[in-house]
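Colleague: any chance you can model this:
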Amino acid sequence: MTIIAIDIQPQYRFTCMAANEQHFVHQPENTVDELNRQARFADKRLLIKNVPTANVSYCQTCIDAPAERTGFVFNTGNKSCRRDRLLAGLPVEADYDHAVETEGALQYGAAFHDSKEMYSTGLIEWLHTQNASTVILGGLSTEDAVLKTAKQLVWYSDSINVIVNLGACSGYSPESTLKAVYNMREAGIQIATRSANIPELVHNVLPQFKVS
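Modeller: Next comes the predicted model:
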């Protein structure tokens, strides 16, 4: 039985209003440490990377570091937008055990490219080939891709234990994040407030699990 840690869309685009439909996640870089910590409890680490379509907006001002933020306005950075790059502190894409690219909107779950869930990204199929017993989810954003990916995995793979690590997630607002957490609990998804809670949740399903 295999434990998989999944990093969902941990990309700079979530810091940019123009690239993220005029709303954005505040300080998504705070999720990086928790994403790295949760991976220590897993056998393999998977990256979900969103590939934008040709008609998405490109930002005119792009940040280079969190210190360049000024409230809701971003100072002008260099001319090459970093929106599709992974957040600083994460492994490079080649160092992940596997990567799945999603081509749909940011609001879709990572298991399908479309809202009707007809075109698979290959995520569920790959998890089955790995004999996945537990998946640990973190990433961006809590209300959209994290919530919908978790619900898709529960719905289409009832043999997989799904854990969402809130410490490794970030949302658009406290209110919408709380609503997403409630929806996940209602769907039978286990919630960890931080990575330190993960071993206990895994042990409940896999009594033989031990932290190395």
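Colleague: off-centre distance for stretch 194-201?
Modeller: Relative to its parent chain, stretch 194-201 has a centroid offset of 17 Å by CA atoms, centre = their mean, to the nearest Å.
Colleague: alpha carbons of it, as PDB, please.
Modeller: C-alpha atoms of stretch 194-201 as PDB (Å, rounded to 0.1, in the frame of the first residue of the first chain):
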ATOM      1  CA  ARG A 194      -1.100  20.800  10.000                       C
ATOM      2  CA  SER A 195       1.300  18.100   8.900                       C
ATOM      3  CA  ALA A 196       2.000  17.000  12.500                       C
ATOM      4  CA  ASN A 197      -1.600  15.600  12.600                       C
ATOM      5  CA  ILE A 198      -1.100  13.400   9.500                       C
ATOM      6  CA  PRO A 199       0.500  10.400  11.100                       C
ATOM      7  CA  GLU A 200      -2.400   9.800  13.400                       C
ATOM      8  CA  LEU A 201      -4.900  10.100  10.500                       C
END
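Colleague: mind checking what secondary structure Ala145 has?
Modeller: Following DSSP: H, G, I helix; E, B strand; the rest coil, the label given to Ala145 is helix.
Colleague: was I right about it contacting Val25?
Modeller: No: using CB atoms under 8 Å, Ala145 makes no contact with Val25, being 11.0 Å away. For glycine as for every other residue, the C-beta is placed from the backbone atoms N, C-alpha and C.
Colleague: show me which parts of stretch 126-141 are buried, residue by residue.
Modeller: Buried residues in stretch 126-141, counting neighbours by 16 or more other CB atoms under 10 Å, are found at 126-127, 130, 132-141.
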